[in-house]
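Asks: let me see the structure of the following:
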Amino acid sequence: MDMMMPKMDGLTACCAIKNNPATKSIPVIMVTAIGFELNIKLSQQMGATGYVTKPFSTQDLLEKIAQVFAIP
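Replies: Take a look at the predicted model:
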């Protein structure tokens with residue numbers, strides 16, 4: 001999900017997903033133009049599984065997805 005979204009920012013949405021017993025096991029990869037180290041740490045604290053900074057290639061995203069799901 002993106003860090004900046006209408007109505008609810010990505011960190012808040014990630015936190016809501018991870019605090020809900022029905023959705024807490026869903027991996028969340030933040031895909032955003034904000035590459036600040038603080039935002040990366042905040043997303044990890046909120047439960048994000050990965051972080052990809054825009055612009056990114058399809059290969060970058062596929063590699064992150066493979067990491068999250070431990071795909072060789």
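Asks: all helices in this structure, in order from the N-terminus.
Replies: Listed in chain order, the helices of the chain (DSSP state H) span 10-19, 37-45, 58-68.
Asks: ok, which of those helices comes nearest Met30?
Replies: helix 37-45 (4.7 Å; CB to CB). Using the backbone N, CA and C atoms, a C-beta is placed for each residue, glycine as well.
Asks: tell me the helices and strands packed up against the closest one.
Replies: The helices and strands touching helix 37-45, judged by 3 or more CB pairs under 8 Å, 6 or more residues apart in numbering; DSSP states H and E, are helix 10-19, strand 50-53.
Asks: what angle sits between it and helix 10-19?
Replies: Per axes from the mean of the first three to the mean of the last three CA atoms, to 10 degrees, the angle that helix 37-45 makes with helix 10-19 is 20 degrees.
Asks: okay, the helices of the chain, which one's buried deepest?
Replies: helix 10-19 (a mean of 17; mean count of other CB atoms under 10 Å).
Asks: which helices and strands sit right next to that helix?
Replies: Using 3+ CB pairs under 8 Å, 6+ apart: helix 10-19 touches strand 29-32, helix 37-45.
Asks: of the helices of the chain, which is nearest Val52?
Replies: Among these, the nearest to Val52 by CB to CB is helix 58-68 (5.2 Å).
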